[in-house]
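Enquirer: next comes the sequence, and after it the predicted model I'd like to discuss.
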Amino acid sequence: MNRPRAQNTKEKILVLSRSHRIVCTSTCVIATLVIVGCGAGSGGGTQTISVSISPKRAAVVAITQSAQFSATVTGDPQNRVAWSVDGVNGGSVAVGTISTAGLYTPPAGAATHTIRATSTADTTKTASATIAVTDLSGVVTYHNNLARDGTNSQEYALTTSSVKTATFGKLFSCPVDGAAYTQPLWVPSLNVGGQIRNAIFVATQHDSAYAFDADANPCSQLWHANLLDAAHGGTAGEIPVPTGDVGNGYQDIQPEIGVTGTPVIEQTSGTLYVVSKSEGPAGTFHQRLHALDLVTGSEKYAGPIDITASVPGTGDGSVGGVLTFNPQNQHQRSALTLVNGIVYIVWASHEDRDPYHGWVIAYDGATLAQAAVFNADPNGSRGGIWMAGGAPAVDGSGNLYLSTGNGTFDGNSGSPPNNDFGDSVLKVGTASGLSLDDWFTPFNQDFLNAVDLDLGSSGVVVLPDQVSGPPHLLVAGGKEGKLYLLNRDAMGNYCAICTITDTNILQSFLAAPAIFGTPAFWQNKLYLGGTSDNISLFTFDPTTGSFSTIASSRSATSFPFPGPTPSVSAQGASGGVLWAIDSSRYGIPSAFGLGPAVLHAYDAANLATELWNSSQAAGNRDAAGNAVKLAVPTVANGKVYIGTRTEIDVYGLLPN
């Protein structure tokens, strides 16, 4: 057989392609060479190179949270790739770095970046993924911040284009031992056992508090605290309060009552403040303020402390001119508030069971010593502060703003003490104890009280300071469905001569059939979720200092009772997504029975565009646990967290 002869004995290199070459030395013979079956398991023939990447979508916290990417190169047995971030090989300090093994370390700044894997065998073949970096410092209080506007403008992963069934859905859930009425709170970069984790915190009606890894799938529990054991101040035989031992038999919260109000977190000291309610022995009731270590769940500051209080007064239930806090009847429904190191807690009732009053009690966050007490109706009755679970809003000076429910009102009386304020919006000063500094009461308060249309069914929202007109504004609403725009520097008090509308305030108009919850406010847009109504977007004109009374857009979905408390996630001033939970199937006494909560997402610029909801995907892929009344979503770092009767559900970008 004839064979080609080498041309010379020098080294010769035959380049066959970008990915293959033969080095010939000495007496090697150059001949025609065919590469067959380059890929593993090939059945023969030339295999084209392609690149894929996983995950395709990810979200991390700036600086502290890395993300591992992997690439698969079909057609290259060595699986060789080069990594880049935003076109920079290996990344940079500005955009984040990525190692040769695909480990991404984020920068200090928030933004969305493109991770690219490029085949080194064929540089025309690449695959890319997106990663969002957030610098959100935490969601440590109800409705995101002290203004209670429900906005997270540092959310870069969840956008109007990424929130859809193909790319967004339920990731995992974390089981809990009772109904979670509290809004999940989120803390980034927590050092737990030497490992940096993002964490979520919730409490349940079974008198438990939990910390979970916010990202681990499947769920990873960091700790669980039984708030009734001896280490957390409980005594032998204590149990969460059975529903039948409070209220008037409506089973508004059932089958037990433990922790209802959303806790609050102080990040610098790493402390979670939460109020528990329990019974034991039978007929003896306890409410306690706990200060829990964020890392361990252990009590701090020699806590917990039993909640007790009294004020001078002749109101319902008083004895000898003294009104005393009743731990059985007083319901700690509203979320806790933390301002300048002081924890503020407010109370209403269980199903209007008398006697009860609108208490505000302040505690020093570092010692748990009682700092001040205020009562909204010490010489009357009722006037509870519940706001559908909302927390008092706070302005830049530390003043509290809150609404009261049905109850005695004599604030317009010329005869002292005239200090009973049912159905009112109150400005409570905190500079020296607790003081009533200003207030507003609707002209038809007597009617509202008579027909159970309490103003206090809605939380209040402090609006951003204005550059024209009155600079300090506040929004409130109630069961009547009216929205009130108030001047925080002159709230209007009471208009005795008004017969049709309140002419002593900036604006009021009928906005919904009834309001149970706290509106959201973002970029001069107010998002209001009425009961048995669609969510409405009312635009605010900073030039005129007033709202349009006609909704600029409305959701196609109608939310049955009780209606939602919406929240907004956005990338600064753009890309807003409105989130809302349909919690109507919360069980007894709901007219809609017991069933899953349904999370909805809308384009915040036009609510007529629904982006996604948890009932859309096939096979119940995204179904949540059974609903609890007045649930509020928490949006952080590419995920949405909601509480249900049995679990905390976590939604986010599907990785692939």
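Expert: Great, that's in hand. Note that the structure is a prediction, hence the values are computed from the model and not measured. Numbering: from 1, shown residues only.

Enquirer: my read is that residue 59 contacts residue 130, right?
Expert: No. If you go by C-beta atoms under 8 Å, residue 59 and residue 130 don't touch, sitting 9.3 Å apart. (Glycine included, C-beta is placed from N, CA and C.)

Enquirer: the more surrounded of those two?
Expert: residue 59 (25 against 18; other C-beta atoms under 10 Å).

Enquirer: so what's the more buried one up against?
Expert: Residues near residue 59 by C-beta atoms under 8 Å, 6 or more residues apart in numbering: 131, 132, 133, 134, 156, 157, 637, 638, 639, 652, 653.

Enquirer: can you rerun that using 6 Å?
Expert: 132, 157, 637, 638 (C-beta atoms under 6 Å, 6 or more residues apart in numbering).

Enquirer: residue 303 now?
Expert: The contact partners of residue 303, by C-beta under 6 Å, 6+ apart, come to 290, 291, 368.

Enquirer: the residue lying closest to it once chain neighbours are set aside: helix or strand, and which one exactly?
Expert: Take residue 303 and drop its neighbours on the chain: the residue closest to it by C-beta to C-beta, 6 or more residues apart in numbering is residue 291, 4.6 Å away. Residue 291 belongs to strand 285-293 when elements are defined using DSSP states H and E.

Enquirer: let me see the mean pLDDT of that strand.
Expert: Per-residue pLDDT over strand 285-293 has a mean of 98.

Enquirer: residue 575 and residue 158, how far apart?
Expert: Counting by C-beta to C-beta, to the nearest Å, the separation of residue 575 from residue 158 is 9 Å.

Enquirer: residue 437 now?
Expert: Counting by C-beta to C-beta, the gap between residue 437 and residue 158 amounts to 39 Å.

Enquirer: who has more neighbours, these two?
Expert: Comparing residue 437 with residue 158 by neighbour count (other C-beta under 10 Å), the higher total belongs to residue 158, at 29 against 16.

Enquirer: re earlier: report all helices and strands that the strand holding residue 291 contacts.
Expert: Judged by 3 or more C-beta pairs under 6 Å, 6 or more residues apart in numbering; DSSP states H and E, strand 285-293 is in contact with strand 271-279.

Enquirer: restricting to C-alpha, output the strand it packs on in PDB.
Expert: Taking only C-alpha atoms (Å, rounded to 0.1, in the frame of the first residue of the first chain), the coordinates of strand 271-279 have been written out as PDB:
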ATOM      1  CA  THR A 271     -33.500  42.000  68.000                       C
ATOM      2  CA  LEU A 272     -37.000  40.900  67.100                       C
ATOM      3  CA  TYR A 273     -39.800  42.300  69.200                       C
ATOM      4  CA  VAL A 274     -43.100  40.300  69.300                       C
ATOM      5  CA  VAL A 275     -46.200  40.200  71.500                       C
ATOM      6  CA  SER A 276     -47.600  36.800  72.600                       C
ATOM      7  CA  LYS A 277     -51.000  36.000  74.100                       C
ATOM      8  CA  SER A 278     -51.800  33.000  76.100                       C
ATOM      9  CA  GLU A 279     -54.000  31.400  78.800                       C
END
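
Enquirer: neighbouring contacts of that strand?
Expert: Contacts of strand 271-279 with the rest of the structure, by C-beta under 6 Å, 6+ apart, involve 201, 203, 207, 209, 227-228, 238, 241, 257-259, 261, 263-265, 285-292, 294, 300, 332, 336, 343.

Enquirer: angle of that strand against strand 285-293?
Expert: 160 degrees (axes from the mean of the first three to the mean of the last three C-alpha atoms, to 10 degrees).

Enquirer: distance between strand 271-279 and the chain's centre?
Expert: The chain centroid and the centroid of strand 271-279 are separated by 19 Å, computed with C-alpha atoms, centre = their mean, to the nearest Å.

Enquirer: with stretch 496-506 instead?
Expert: Using C-alpha atoms, centre = their mean, we find the averaged C-alpha position of stretch 496-506 to lie 36 Å away from the chain's own average C-alpha position.

Enquirer: pull the CA atoms of stretch 383-402 into CSV?
Expert: Output for stretch 383-402, consisting of C-alpha atoms alone and laid out as CSV, is shown next (Å, rounded to 0.1, in the frame of the first residue of the first chain):
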residue,chain,number,x,y,z
GLY,A,383,-62.1,53.3,70.3
GLY,A,384,-59.8,50.4,69.5
ILE,A,385,-56.7,50.7,67.4
TRP,A,386,-56.5,47.8,64.9
MET,A,387,-56.2,49.2,61.3
ALA,A,388,-56.7,45.8,59.8
GLY,A,389,-53.3,44.8,61.1
GLY,A,390,-51.6,48.0,60.0
ALA,A,391,-49.0,49.8,62.1
PRO,A,392,-49.0,53.4,63.2
ALA,A,393,-47.2,55.5,60.5
VAL,A,394,-44.3,57.7,61.6
ASP,A,395,-43.1,61.1,60.3
GLY,A,396,-39.5,62.4,60.3
SER,A,397,-40.0,63.9,63.8
GLY,A,398,-41.1,60.6,65.3
ASN,A,399,-44.8,61.4,65.6
LEU,A,400,-47.2,58.5,65.4
TYR,A,401,-50.3,58.6,63.2
LEU,A,402,-53.1,56.1,63.8
